[in-house]
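J.: Curious how this folds, go ahead:
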Amino acid sequence: MSDTTFDQFRNAMGNRVARRNLGFTISNVEAQAIIRDEPLVREYFARWQSDRLSPYAAPTENMTPTPPTAEVFTAPPWSDASPKKGAGAEIESPEWLTAIVQILGTLVGIGVGLWGLWCTWIAFFGGTLPIPFVDWTTSGGIGLGLLFLLVVTPVLTALVSQLFIWVLGGLLVLASLLFSRRT
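T.: Numbers count the residues shown, from 1 in each chain. The predicted structure follows:
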């Protein structure tokens, strides 16, 4: 491995398998962050060449190697940076926010299901459809009921579900970023 050039090393850092063979067990996100920082890649390369970072030993029939842990390589081992800072840090959401997401998801799922059932019922038996911004009154019928059962209600349910995911999901992501802490 001593004849590995810098360009080969940089390219290997972008490939999960090649990175593992070099002795690095970092995520793709962390590797991409390292690759974007040219001086950092050069420092990793120099340290790797000087054997301060031992290469991964390929397994044989008689041995089971212990690969380096991700904590060792999250930040350069010779730096003062904490291994939990940066691109590899995980965000821990508060328990109350997780509970709100679970409750809202359940309630909206039940509500959308009941709403689809209501639309289909009206399509079979007649009445005013409960579709926002649409004032459609129908006398009902088997053809319209089957159309709603097989086409319209599934499409409207999917649209309402996606609207819920994008609007409320975006708000919850913002709340998570505001109230969460990095670990």
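
J.: Which stretches in the protein count as helices?
T.: 6-13, 16-22, 28-36, 38-49, 70-74, 95-125, 142-147, 153-179 (DSSP state H).

J.: mean pLDDT lowest for which of the ones you listed?
T.: Mean pLDDT is lowest for helix 70-74 out of the helices of the chain, coming in at a mean of 46.

J.: Does Ser176 touch Trp96 like I think?
T.: No: the criterion here is Cβ atoms under 8 Å, and Ser176 misses it with Trp96 at 11.2 Å. Using the backbone N, CA and C atoms, a C-beta is placed for each residue, glycine as well.

J.: on that earlier part again, adding mean neighbour count, write the helices of the chain out as CSV.
T.: Conversion of those to CSV gives the following (neighbours: other Cβ atoms under 10 Å):
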stretch, mean neighbour count
helix 6-13, 16
helix 16-22, 16
helix 28-36, 16
helix 38-49, 15
helix 70-74, 17
helix 95-125, 14
helix 142-147, 14
helix 153-179, 13
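
J.: export the ones you listed to TSV and tack on distance to Val134?
T.: Shown next, in TSV, are the helices of the chain (distance: least, Cβ to Cβ, whole Å):
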stretch	distance to Val134
helix 6-13	55
helix 16-22	50
helix 28-36	45
helix 38-49	57
helix 70-74	53
helix 95-125	11
helix 142-147	14
helix 153-179	10
